[in-house]
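Participant: The following block contains a protein sequence and its predicted model.
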Amino acid sequence: MSKKIADALLSWYAARRRSLPWRDQPEPYAVWVAEVMAQQTRLESMLPYYERWMARFPNMQTLAAASEQEVLTLWEGLGYYSRARNLHRAAQIVVREYGSWLPESVAGLMKLPGIGRYTAGAIASLAFGVDAAAVDGNAVRVLTRVFNLEDSVGSSALGKQVWARAEALLPEGQAADFNQALMDLGAGLCAPRNPDCAHCPLRDYCEAYALGIQEQRPVRAARQALPQRDFAAVVLERGDAVLIRQRPSEGLLANLWEFPNVEIHNPKRGKAELRREWSPEVEPRKRIQVLEHSYSHFRARLQVYRAQGVLPGEWVPVAELERYPMGKLDRQIAEGLRDALG
Ligand code: SF4
């Protein structure tokens, strides 16, 4: 059965294989960058980022030598900034300690910052032809459906099962194609909603399809509503410049730049809470924006006030703010200011 499933998948993939830069010429550094970027980002959305990144950092050495600020700026928009920081740190280690060559084994790759089992399996199989499985979220969906696995997503029980199933299916010497076929099937036909089972190469083997419960796999634990947190930010102006500051080097959005802000407890009294925090250095004036964004653990609502005064930070002309890496909300403030300039 394993062989039949793998064969069906490989023939389907051979006919539909998408041409992608890191697939056509699977150079280890390119595969690594692509695999890290592709996590939780749709392929179509990540391609422009990938191209921009490779134009600026075409190899391990250029990435290792770059400043963190430039790395974060090029990553901006993809979110999950720790991934960019880990890529950067790992590139420095590889240049310094491994003569600029990525290790070829899964275990060796997993010693580098930010490389987990999936990324290691993808690099080892795609770039070095190692018989290693690589199970991303799309592959999890396919495997839970084909084998009707009932443990919930994120549980260690399901993790163990999907990896064991993927390893058992892996055809010798063809791990690269097999891994990509599994992921492509999950990204396309085997969609979360309305999977196109009529055209699926695994339909004859798929237990969930046979039972008519495809959409009930994978099982997801009930999601907790994200807590809401409120913040107020100030736009301090001096001529054509505004004041921004760098966030701490640890924690959420580490080292990115932001407009000075505080967490507030009563969103109806944003101005008063800003005064309590910073008076007399800062006098908030008009509220100019209310922005919202969901992070992985909370929803943020940010009120933005024009203000007078000064705080520790850096004065940067509005036209140059794009050179400073920022999280999504601060970038929206910066873009609002740039648009207002006309
Ligand atoms: S038959 Fe349907 S549910 Fe099963 S793997 Fe194929 S697309 Fe997914």
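Facilitator: Perfect, thanks for sending it.

Participant: So which bits of stretch 108-116 are buried?
Facilitator: 109, 112, 114-115 (16 or more other Cβ atoms under 10 Å). All C-beta spots, glycine's among them, are computed from the backbone N, C-alpha and C.

Participant: same deal with stretch 328-342?
Facilitator: 329-334, 337.

Participant: Pull the most distant pair out of the buried residues of stretch 108-116.
Facilitator: Greatest spatial distance among the buried residues of stretch 108-116 (Cβ to Cβ): Leu109 and Gly114, at 10.4 Å.

Participant: Kindly indicate whether Ser100 is helix, strand or coil.
Facilitator: Assigned with DSSP: H, G, I helix; E, B strand; the rest coil, Ser100 falls in the coil class.

Participant: so it sits right up against Met60, yeah?
Facilitator: Yes - with contact defined as Cβ atoms under 8 Å, Ser100 counts as touching Met60 (4.9 Å).

Participant: Neighbour count: those two, which is higher?
Facilitator: Met60 (22 against 14; other Cβ atoms under 10 Å).

Participant: Now do the same contact list for that one.
Facilitator: 29, 91, 94-95, 100, 102 (Cβ atoms under 8 Å, 6 or more residues apart in numbering).

Participant: Who wins on neighbours among those residues?
Facilitator: Ala91 (27 neighbours).

Participant: rewinding a little: so of the buried residues of stretch 108-116, which ones are in helices?
Facilitator: Leu109 (DSSP state H).

Participant: near the ligand, which of the buried residues of stretch 108-116 show up?
Facilitator: Among the buried residues of stretch 108-116, proximity to the ligand is found for none (Cβ under 6 Å from any ligand atom).

Participant: between the buried residues of stretch 108-116, which is closest to Arg306?
Facilitator: For the buried residues of stretch 108-116, the nearest to Arg306 is Gly114 (39.1 Å; Cβ to Cβ).

Participant: wait, Arg71 sits on Ala90?
Facilitator: Not Arg; residue 71 is Val. No - using Cβ under 8 Å, Val71 is not in contact with Ala90; the gap is 11.6 Å.

Participant: So which residues lie in contact with stretch 288-300, not counting its own?
Facilitator: Here stretch 288-300 has contacts from 226-231, 235, 252, 301-306, 327-329, 332-333, 336, using Cβ under 8 Å, 6+ apart.

Participant: Quick check: next helix or strand after the longest strand seen in the chain?
Facilitator: If you go by DSSP state E, the chain has its longest strand at strand 282-294. Using DSSP states H and E, the helix or strand that directly follows strand 282-294 along the chain is strand 299-309.

Participant: about what we covered before: out of the contacts of stretch 288-300, which are inside strands?
Facilitator: Counting by DSSP E, the contacts of stretch 288-300 contribute 228-231, 235, 301-306 to strands.

Participant: Weed out the non-buried ones from those residues.
Facilitator: 229-231, 235, 301-306.

Participant: I'd like those residues as JSON lines, with pLDDT appended.
Facilitator: Shown next, in JSON lines, are those (pLDDT from 0 to 100):
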{"residue": "Arg229", "pLDDT": "96"}
{"residue": "Asp230", "pLDDT": "96"}
{"residue": "Phe231", "pLDDT": "97"}
{"residue": "Val235", "pLDDT": "97"}
{"residue": "Arg301", "pLDDT": "96"}
{"residue": "Leu302", "pLDDT": "97"}
{"residue": "Gln303", "pLDDT": "96"}
{"residue": "Val304", "pLDDT": "96"}
{"residue": "Tyr305", "pLDDT": "96"}
{"residue": "Arg306", "pLDDT": "95"}
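
Participant: In terms of distance to Arg145, which of these ranks first?
Facilitator: Relative to Arg145, the closest of these is Arg229; by Cβ to Cβ it sits at 36.9 Å.

Participant: Can you name the residues of this structure sitting close to the ligand?
Facilitator: Within the chain, the residues that sit near the ligand (Cβ under 6 Å from any ligand atom) are 142, 145-146, 189-190, 195, 197, 200, 202-203, 206, 208-209, 214.
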